[in-house]
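*Asks:* below is the structure, and that's it, no one-letter string:
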């Protein structure tokens, strides 16, 4: 990440960063947190208007938070946790590295010190229930009106998860290799 400079061509101090880009654009972390608010709001089937009522703020403020245009203070983040039924780490889960590096603290480091600073950078533990893929899957599952079908799909997923093979992990990024590996295993089984 390039080091930013103030109008006097000196490196920006922590107080000068204030969490915004040099052009005044929202900090990517604030944008990410806003996207997590939106994801959870949509999962719960809440409109911006309904969420704003529950939060005691205007829906325009919800829009600004969701876009990262307005930063969220600690007390407001706590209110979002209570209303949306999540723990604070939910808002930081799955944060991409390039977004993490846009924190005001890390922006103040020059490139040679960034690596050292990053070694101490707090990494949010991964909870699969907060991953977007899991949230999307649960949301879709809850929308299935045919409950016998939903239960069959759930049972199929449980069965598929129990049919794990070390070859699945070895060839996870190469489906064609995985397929050829399974053919070889099948052929070996026939010749025995």
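*Replies:* Nice, thanks for sending it over. For clarity, every value in this text was computed on a predicted model and none was experimentally measured. Residues are numbered from 1 along each chain as shown.

*Asks:* what's the helix or strand hosting residue 140 packed up against?
*Replies:* For residue 140, the enclosing helix or strand under DSSP states H and E is helix 132-142. With contacts taken as 3 or more C-beta pairs under 8 Å, 6 or more residues apart in numbering; DSSP states H and E, helix 132-142 sits against helix 28-43, helix 147-162. All C-beta atoms are positioned from the backbone trio N, CA, C, and that covers glycine.

*Asks:* so for the first one, what's the average pLDDT?
*Replies:* Same thing as helix 28-43. Helix 28-43 comes out with an average pLDDT of 95.

*Asks:* who are the packing partners of that helix?
*Replies:* helix 59-67, helix 74-84, helix 97-100, helix 132-142.

*Asks:* go through those and pick out the most buried.
*Replies:* helix 59-67 (a mean of 18; mean count of other C-beta atoms under 10 Å).

*Asks:* average pLDDT across it?
*Replies:* 96.

*Asks:* report all helices and strands that that helix contacts.
*Replies:* Helix 59-67 packs on helix 28-43, helix 48-55, going by 3+ C-beta pairs under 8 Å, 6+ apart.

*Asks:* quick one: which of those is nearest residue 86?
*Replies:* helix 28-43 (6.2 Å; C-beta to C-beta).

*Asks:* now the angle from the closest one to helix 132-142?
*Replies:* 10 degrees (axes from the mean of the first three to the mean of the last three C-alpha atoms, to 10 degrees).

*Asks:* what residues does helix 28-43 touch?
*Replies:* Here helix 28-43 makes contact (C-beta atoms under 8 Å, 6 or more residues apart in numbering) with 19, 48, 51, 62, 65-72, 77, 80, 84, 86, 90-93, 95-96, 98-100, 102-103, 132, 135, 138-139.

*Asks:* all good on my end, thank you.
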